[in-house]
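Peer 1: Next one to model:
(one chain, ligands or ions: 1)
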Amino acid sequence: MKKPSPEQIKAFEGKDVLTARQFSLEELNAIMGTAAHYEQALAEKRIIKDMEGKVMASLFYEPSTRTRLSFETAMLRLGGSVITVAESATNQISSTAKGETLHDGITVIDGYADVIVIRSPQTGAADIAAQAAKHPIINAGDGAGQHPTQALLDIYTILKAKGSAEGLKVALVGDLKFGRTVHSLVDFLALYGCDLILASPDQLKMPEDIVASLRDRGVKVEETNSLQDAVKVADVLYVTRVQRERFPDPSEYEKVKDLFIVDEELIRGCKEGMIILHPLPRVNEITVGVDKYPGALYFEQAYNGLYVRMALLALTTGSVG
Ligand code: CP
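Peer 2: Coordinates of the predicted model:
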């Protein structure tokens, strides 16, 4: 993963990050190279001032630990400043409690900040924000829609662990219906020519339009409701939490919440060198005993979010030094 050329870096300036589908393989590799550049700079304890004098607005209208704190840390590590709104209890943007629209709210915040990071329970909220803002909008998760920055850090983790993602067999397991991270990640895996195994209870299958779109692009996709079958062949096991908050009927959640559990016995039959990823938070879909397996990289994955988000902030604001 090498730092991209000045021309490649320049191409990101002013761009929004809304969906995984917007990126080409070249752009993906440019983000990876920029993330590696910042990881190296932090490892060398360099003081970075690439975003000195710039302000990031951090708007989280849904709970977040990793995404919010890694974005805010990223901005601070880049020498910039953060203004923040976190109103997860109301799921409303700032003055929408008084009747203000998302569009109006973002138009105002756009006057204060150089880049806006937004998480919302509403699918498509980041697109509305992008229409309102002149500065870059970064989608930090919109309902059951997309979570492109999570998928970028997932890819970064795979590249660090495996050297390359080309041709890997990646098993995505758990809640593929509501899990927005996998909705984004499949598009990046498609760019690298990965084979996909989609393993879920029948009620939580990947939406048909996403599967059809992958197949149209020539991606080999296998769907199964057997976690065991997926684990046997995977190079990467990507586990997801059943998204309780997206179930209209809580009793439906109760029926599926414990159907897929990755435990020590299950991974005994895995391929040598298989890595296990999870966007976190986990509930009980990976038992704590699995944490000591050398390929269990989910905490390292969360740390990688810092470097990837530094890259995204600096690239979109034209600040990479
Ligand atoms: N993976 C992820 O999006 O975590 P948070 O909800 O804590 O941001």
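
Peer 1: Tell me the first helix or strand C-terminal of the lowest-mean-pLDDT helix or strand in the chain.
Peer 2: Comparing every helix and strand of the chain by mean pLDDT, DSSP states H and E singles out helix 250-256 as the least confident one, with a mean of 86. Moving toward the C-terminus from helix 250-256, the next helix or strand (DSSP states H and E) is helix 264-267.

Peer 1: tell me how far that following helix is from the chain's mean position?
Peer 2: Counting by C-alpha atoms, centre = their mean, to the nearest Å, helix 264-267 is centred 26 Å from the centre of its parent chain.

Peer 1: quick one: average confidence on that helix?
Peer 2: Across helix 264-267, pLDDT averages out at 95.

Peer 1: Which elements pack onto it?
Peer 2: Contact analysis of helix 264-267 by 3 or more C-beta pairs under 8 Å, 6 or more residues apart in numbering; DSSP states H and E lists helix 227-233 as its packing neighbours. From N, CA and C alone the C-beta is placed, and that goes for glycine too.

Peer 1: coming back round to it: list the buried ones in the least confident helix or strand of the chain?
Peer 2: Using 16 or more other C-beta atoms under 10 Å as the test for burial, helix 250-256 gives 253, 256.

Peer 1: got the contact list for that helix?
Peer 2: 175, 201, 203-204, 242, 244, 247 (C-beta atoms under 8 Å, 6 or more residues apart in numbering).

Peer 1: of these, the lowest pLDDT goes to which?
Peer 2: Across the contacts of helix 250-256, the member with the lowest pLDDT is residue 244, scoring 84.

Peer 1: how close does that one sit to residue 252?
Peer 2: 10 Å (C-beta to C-beta, to the nearest Å).

Peer 1: Please apply the same query to residue 158.
Peer 2: In terms of C-beta to C-beta, residue 158 sits 32 Å off from residue 252.

Peer 1: Break down this structure into its helices, ranges please.
Peer 2: In chain order, the chain shows helices spanning 6-10, 25-43, 66-77, 102-109, 125-132, 148-162, 180-191, 208-216, 227-233, 250-256, 264-267, 298-316, with DSSP state H as the criterion.

Peer 1: so which of these comes closest to the ligand?
Peer 2: helix 66-77 (3.2 Å; C-beta to the nearest ligand atom).

Peer 1: Against which helices or strands is the closest one packed?
Peer 2: strand 55-60, strand 81-86, strand 115-120, strand 137-142, helix 148-162, helix 298-316.

Peer 1: tell me the angle the third one makes with helix 148-162.
Peer 2: Right, the one you point to is strand 115-120. On the basis of axes from the mean of the first three to the mean of the last three C-alpha atoms, to 10 degrees, strand 115-120 is oriented at 100 degrees to helix 148-162.

Peer 1: swap in the first one?
Peer 2: For strand 55-60 against helix 148-162, the angle by the same axes, to 10 degrees is 100 degrees.

Peer 1: Next: the second one.
Peer 2: With the same axes, to 10 degrees applied, the angle from strand 81-86 to helix 148-162 works out at 120 degrees.

Peer 1: Pull up the pairing partners for strand 81-86, direction included.
Peer 2: Within its sheet, and counting by DSSP bridges, strand 81-86 is paired with strand 55-60 (parallel).

Peer 1: Next one: the partner strand, is it in contact with the ligand?
Peer 2: No: contact check for strand 55-60 against the ligand, using C-beta under 6 Å from any ligand atom: none in range, with a minimum separation of 8.2 Å.

Peer 1: Any chance you could list what contacts that strand?
Peer 2: In this structure, residues lying in contact with strand 55-60 by C-beta under 8 Å, 6+ apart are 67-68, 71-72, 75, 80-88, 93, 109, 112-119, 140, 313.

Peer 1: Let's see that with 7 Å instead.
Peer 2: Taking contacts as C-beta atoms under 7 Å, 6 or more residues apart in numbering, the residues outside strand 55-60 that touch it are 68, 71-72, 75, 80-86, 88, 93, 109, 112-119, 313.

Peer 1: Out of those, which are close to the ligand?
Peer 2: When C-beta under 6 Å from any ligand atom is taken as the criterion, the members of those that contact the ligand are residue 68.

Peer 1: Please indicate which of the contacts of strand 55-60 are buried?
Peer 2: Applying a neighbour-count criterion of 16+ other C-beta under 10 Å, the buried members of the contacts of strand 55-60 are 68, 71-72, 75, 80, 82, 93, 109, 113-119, 313.
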